[in-house]
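Visitor: here is a sequence together with a model predicted from it:
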Amino acid sequence: MSRATVEFRDFSFTYAGMKIPAVRGINFSVEEGSIALLAGASGSGKSTILRSINGLIPHIYPGEYKGDVFVDGQSVIETETFELARKIGFLFQNPENQIFMFTVERDVAFGLENLGYEPKEIKKKVEWALKLLGISDLAKRSPSELSDGQKQRVALAGSLVMDPKIIVLDEPTSLLDPKTAQEVVHLVEDLKRTLGLTVILVEHRLELVSAIADKIIILNKGEVFAEGKPDQILAKDNLHEAGLSIPPIIELQKRLGLVDSDAVAMDVDDFLQRFVQKWQL
């Protein structure tokens with residue numbers, strides 16, 4: 001049985017100066033080497049959960065902290081943020097917020113340089129990350145010349161060279177066109193498979209990412225609304241209460257009566273198979 005890489009135990013947090021908790025009674029875990037999708041409407045508590053994983057809460061954002069959050073077996077509240085940063089790679093919604101050097105290779109090398117790695121080791125790691133993400137040809141380019149999709153890969157490369165165990169992606173497709181967004185989703189799936197990374201993915205476009213997730217955690221008004229396998233959770237009829245937009249392929253299945261055993265098809269091939277079986281075409 002896989003161990004939990006990230007675990008929330010009865011966690012609640014109220015920001016300093018606020019009376020109402022941003023999140024309360026949070027209990028869930030993310031298994032090692034899995035992809036967990038964190039979903040919910042604006043204000044549901046997603047940002048607070050992310051800040052609690054990388055240690056910004058409570059080390060940067062003060063407030064009333066109850067319960068425990070564990071990352072790779074370590075209590076977040078007892079671990080310095082720089083130690084957590086060695087374990088967690090973070091990709092912001094807008095990659096420009098974490099790209100600031102004059103060339104791609106210098107940007108990817110930035111974290112390693114600050115940790116005092118030898119130049120030869122830095123060069124080796126940067127070349128590895130650029131090749132892995134298919135952007136070796138961009139090494140000498142200025143990040144300002146790149147497309148949004150390319151910038152996402154550069155920012156991700158800057159995280160991967162640090163050898164994290166966990167990658168957190170905060171709405172990585174929000175600025176991308178559908179084709180590029182799909183490429184990023186496939187990339188995330190490949191990284192999980194080839195590197196064994198644990199991935200926590202915040203995304204509102206459920207139709208893009210629910211098929212690759214091992215687990216979905218839905219937040220609503222600071223609490224866990226639902227948790228489980230995506231095909232089972234997305235089959236529920238009360239998701240509108242959490243302010244979620246149901247993927248069209250799942251909405252269509254519900255209208256056609258194709259929801260079988262409280263689960264839905266997560267991709268087109270499975271959907272067509274269910275359609276053919278129901279009407280015996």
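Guide: All right, it came through fine.
Visitor: go through the chain and flag its longest helix.
Guide: helix 178-195 (DSSP state H).
Visitor: by contact count, what packs against that one?
Guide: With contacts taken as 3 or more CB pairs under 8 Å, 6 or more residues apart in numbering; DSSP states H and E, helix 178-195 sits against strand 35-39, helix 148-160, strand 166-170, strand 198-202, helix 206-209. Using the backbone N, CA and C atoms, a C-beta is placed for each residue, glycine as well.
Visitor: and the angle from the second one to strand 166-170?
Guide: Using axes from the mean of the first three to the mean of the last three CA atoms, to 10 degrees, one finds that helix 148-160 and strand 166-170 are set 150 degrees apart in direction.
Visitor: let me see the mean pLDDT of helix 148-160.
Guide: Taken as a whole, helix 148-160 has an average pLDDT of 90.
Visitor: tell me what it is packed against?
Guide: For helix 148-160, the packing partners by 3+ CB pairs under 8 Å, 6+ apart come out as strand 88-91, helix 104-114, helix 119-132, strand 166-170, helix 178-195.
Visitor: repeat the analysis, applying 7 Å as the threshold.
Guide: strand 88-91, helix 104-114, helix 119-132, helix 178-195 (3 or more CB pairs under 7 Å, 6 or more residues apart in numbering; DSSP states H and E).
Visitor: quick one: buried residues of the longest helix of the chain?
Guide: Using 16 or more other CB atoms under 10 Å as the test for burial, helix 178-195 gives Thr180, Ala181, Glu183, Val184, Val185, Leu187, Val188, Glu189, Leu191, Lys192, Leu195.
Visitor: again with stretch 46-60
Guide: 46-59.
Visitor: quick one: it to chain centroid distance?
Guide: Averaging C-alpha positions (CA atoms, centre = their mean, to the nearest Å) puts stretch 46-60 14 Å from its chain's average.
Visitor: likewise stretch 41-61?
Guide: With CA atoms, centre = their mean, you get 13 Å for stretch 41-61.
Visitor: model confidence over that stretch, on average?
Guide: Here the average pLDDT along stretch 41-61 is 94.
Visitor: and the contacts of that stretch?
Guide: Stretch 41-61 is contacted by residues 6, 11, 13, 15, 22-23, 38, 40, 65, 69, 71, 76-77, 79, 81, 84, 88, 90, 168, 170, 200, 202, 219-222, 242-244 when judged by CB atoms under 7 Å, 6 or more residues apart in numbering.
Visitor: at 6 Å instead, please
Guide: Here stretch 41-61 makes contact (CB atoms under 6 Å, 6 or more residues apart in numbering) with 13, 22-23, 38, 40, 65, 69, 76, 81, 84, 88, 90, 202, 219-220, 222, 243.
Visitor: next one: stretch 143-154
Guide: Pro95, Ile99, Val104, Leu133, Ile135, Pro172, Leu175, Leu176, Thr180, Val184.
Visitor: from these, which has minimum pLDDT?
Guide: pLDDT across these is lowest for Leu175, at 76.
Visitor: any stretches of the stretch 151-281 of the chain with poor pLDDT?
Guide: Within the stretch 151-281 of the chain, the stretches with pLDDT under 70 are 260-261, 271, 274-281.
Visitor: how about 80 then?
Guide: Confidence mapping of the stretch 151-281 of the chain against pLDDT under 80 gives the ranges 174-175, 249, 253-254, 256-281.
Visitor: show me what Ala39 bridges to in the sheet.
Guide: Per DSSP bridges, the residues bridged to Ala39 are Ile218.
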